[in-house]
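S.K.: Need the 3D shape of this:
(chains A and B, ligands or ions: 2)
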Amino acid sequence: MDRLHLGQHISQQFNTELAALTKQVLAMGGLVEAQLATALEAHAARDLRQVAHVVARESEVNAAELEIDARCTQILARRQPAASDLRLVLAVVRMVTNLERIGDEAERIARIAEKLGNGEFAEHYGVKLAQMGSLVRDQLRGTLDAFARMDETSALDWLRRDREVDLLYKELTRLLVELMQRESERVPAALELLWCARALERIGDRCKNIGEQVIYLVRGKDVRHTGLSRSAAPLPDAKS
Amino acid sequence: MSAVEVMPAQLLAGLELALQARGLSLDYADRRALDSVHLQVPSRRVTALIGPSGCGKSSLLRCFNRLNDEIAGCRVGGEILLFGDDVYAGAIAPPELRRRVGMVFQKPNPFPQSIVDNVAFGLRLAGIRSRLELDDRVEAALRATGLWHEVRDRLAASALQLSAGQQQRLVIARALAVEPEVLLMDEPASMLDPISTLRFEELVVALRERYSVLLVTHNMQQAARVADYTAFLHAGRLLEFDTTDHIFTNPRLRETEDYITGRMRETPLR
Ligand SMILES: Nc1ncnc2c1ncn2[C@@H]1O[C@H](COP(=O)(O)OP(=O)(O)O)[C@@H](O)[C@H]1O
Ligand SMILES: [Mg+2]
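M.R.: Ligands and ions are numbered 1, 2, ... in the order given. Next up is the predicted model:
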């Protein structure tokens, strides 16, 4: 769907460039999604071979970030885009930074799986963590999908669902702190789980940042730092 | 389309208005070129007028100093106000109007005379005879356009020897010498090379200290660089007026967006 009419420039070349740019962002998003999924599987299945996959992907993600950045620089210098074209390029630059960081967090999660190894910890915590992981995965997929469809309403929905992740994070933190107080020999493992939960919570925040960029590029309104995700307010007015 | 619809409420609140077009229409013998245009040009600001070829930009500009009067069969309806005075109601005699509202055209048009005589032209026409005053005002006008240090040693040389960029600044100096209030410019930089264009743009930005500028340009980046406000004219109608920042990052109308981003619509507007 071409809600921003990206394919309607008189310059066919520019149409091609912008289409390629969005495609590349989605491809990078796919890479990061896969990284996160694999990292979570490494935890669930205690499968350490998966960890290597996540780490290997990291360099692909970094390369994608650099390449997309370079493309954006080129478009800015050569096309001097305005209005929605300009917003697209700016939004892409910001989204890509966030995607790269999500990749870093996924790697962190994978490495924690490696550290925890096969050491047992109560099923209970693993379940909560998996629950949080699957929420965050949905959030990432949904947000990228909202970008693919230039659907700001859906981006806003996903932005607001970050609350669920935050609540789970709080709950898991509380449980782990209690565990550490009760059983001091399990403090190291509990701490690792805590870092893991925190990485997931940060990925949620990054998804929120990406969602805000989708709203910016479609609506032209900068909704960062407006508390939009915590309010039930509708989006700022659509353009006529 | 009323003034209220084309621009955000309160956009120009508190600003003095140099020019106003109210329900302005213009018909040439065989066609309508402007259709109920509402435009407000704030004082001591640069306002860019953009729009596709043939949308009526030059026609609109010519209304503000009644240059259209010279065109046979041309009829103007509605009102034009210069600092509140109705221009077409005869409140201001055309020669006085053209002194107060100067015009700079696309093609630099210095007279085939010396540099100094070009700048002094309007002053002599206004009856100034004092050598001292003429010299002073010529120098001031040339300084204002950044031309003084480039031509001070050859004031008596023919203006036609200057480069295109210098000629365009000379024409602006000629317009400034008679101390106008408003400067209308019709694609003034489109014949200039890139460096002269930058110098010209610097001048436009400096002019807003004292003058109100209405600038027609086909160069979107130029509008973005120099204008405080931008007006979008389309098929004889003023569709959108807003701060330049707003027009170039988030225009309200699809038509404006399509024009500034170089998009083509599948279906023509009308
Ligand atoms: N002197 C004239 N006589 C008849 N038609 C004219 C005259 N000047 C301009 N037009 C017509 O009026 C419309 C607007 O022209 P103009 O104001 O020159 O547009 P722009 O400056 O935006 O390119 C065009 O259709 C043009 O052909
Ligand atoms: Mg014209």
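S.K.: give the contact list for the closest residue to chain B within chain A.
M.R.: Among the residues of chain A, A:G220 lies nearest to chain B; the distance is 3.2 Å by C-beta to the nearest C-beta. Yep, even glycine has a C-beta here, placed from its N, CA and C like the rest. A:G220 sits next to A:83-84, A:87, A:239, B:249-250 when contact means C-beta atoms under 8 Å, 6 or more residues apart in numbering or on different chains.
S.K.: That one and ligand 1, how far apart?
M.R.: Separation of A:G220 from ligand 1 (C-beta to the nearest ligand atom, to the nearest Å): 27 Å.
S.K.: Ramachandran coordinates for that residue?
M.R.: Torsion angles at A:G220 (phi, psi; degrees, to the nearest 10) stand at phi 80, psi 10.
S.K.: Kindly report the same for B:R75.
M.R.: The phi/psi pair for B:R75 (degrees, to the nearest 10) is phi -120, psi 130.
S.K.: ok, it - contacts?
M.R.: B:R75 touches B:26-27, counting by C-beta under 8 Å, 6+ apart.
S.K.: In terms of helices and strands, where is A:L176?
M.R.: Applying DSSP states H and E as the criterion places A:L176 in helix A:162-182.
S.K.: Contacts for that helix next, please.
M.R.: A:122, A:124-125, A:128-129, A:131-132, A:135-136, A:139, A:186-187, A:190-191, A:193-194, A:197-198, A:200-201, A:204-205, A:207-208, A:229-230.
S.K.: Let me have the contacts of A:G220 in a markdown table, extended by secondary structure, pLDDT and neighbour count.
M.R.: Output for the contacts of A:G220, formatted as a markdown table (DSSP: H, G, I helix; E, B strand; the rest coil; pLDDT from 0 to 100; neighbours: other C-beta atoms under 10 Å in any protein chain shown):
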| residue | secondary structure | pLDDT | neighbour count |
| --- | --- | --- | --- |
| A:A83 | helix | 95 | 22 |
| A:S84 | helix | 94 | 27 |
| A:R87 | helix | 96 | 21 |
| A:K239 | coil | 48 | 15 |
| B:T249 | helix | 94 | 17 |
| B:N250 | coil | 94 | 21 |
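S.K.: Buried residues of stretch A:186-200, list them for me.
M.R.: Buried residues in stretch A:186-200, defined by neighbour count with 16 or more other C-beta atoms under 10 Å in any protein chain shown: A:186, A:189-190, A:192-194, A:196-200.
S.K.: Would you report the backbone torsion angles of whichever residue of the stretch 51-200 of chain B sits closest to chain A?
M.R.: Per C-beta to the nearest C-beta, B:P52 is where the stretch 51-200 of chain B lies closest to chain A, at 11.5 Å. Main-chain torsions, B:P52, degrees, to the nearest 10: phi -60, psi 160.
S.K.: List the contacts of it.
M.R.: B:P52 neighbours (C-beta under 8 Å, 6+ apart): B:234, B:259.
S.K.: center of chain B - which residue?
M.R.: When chain B is reduced to its mean C-alpha position, the closest residue under C-alpha atoms, centre = their mean turns out to be B:L184, at 2.0 Å.
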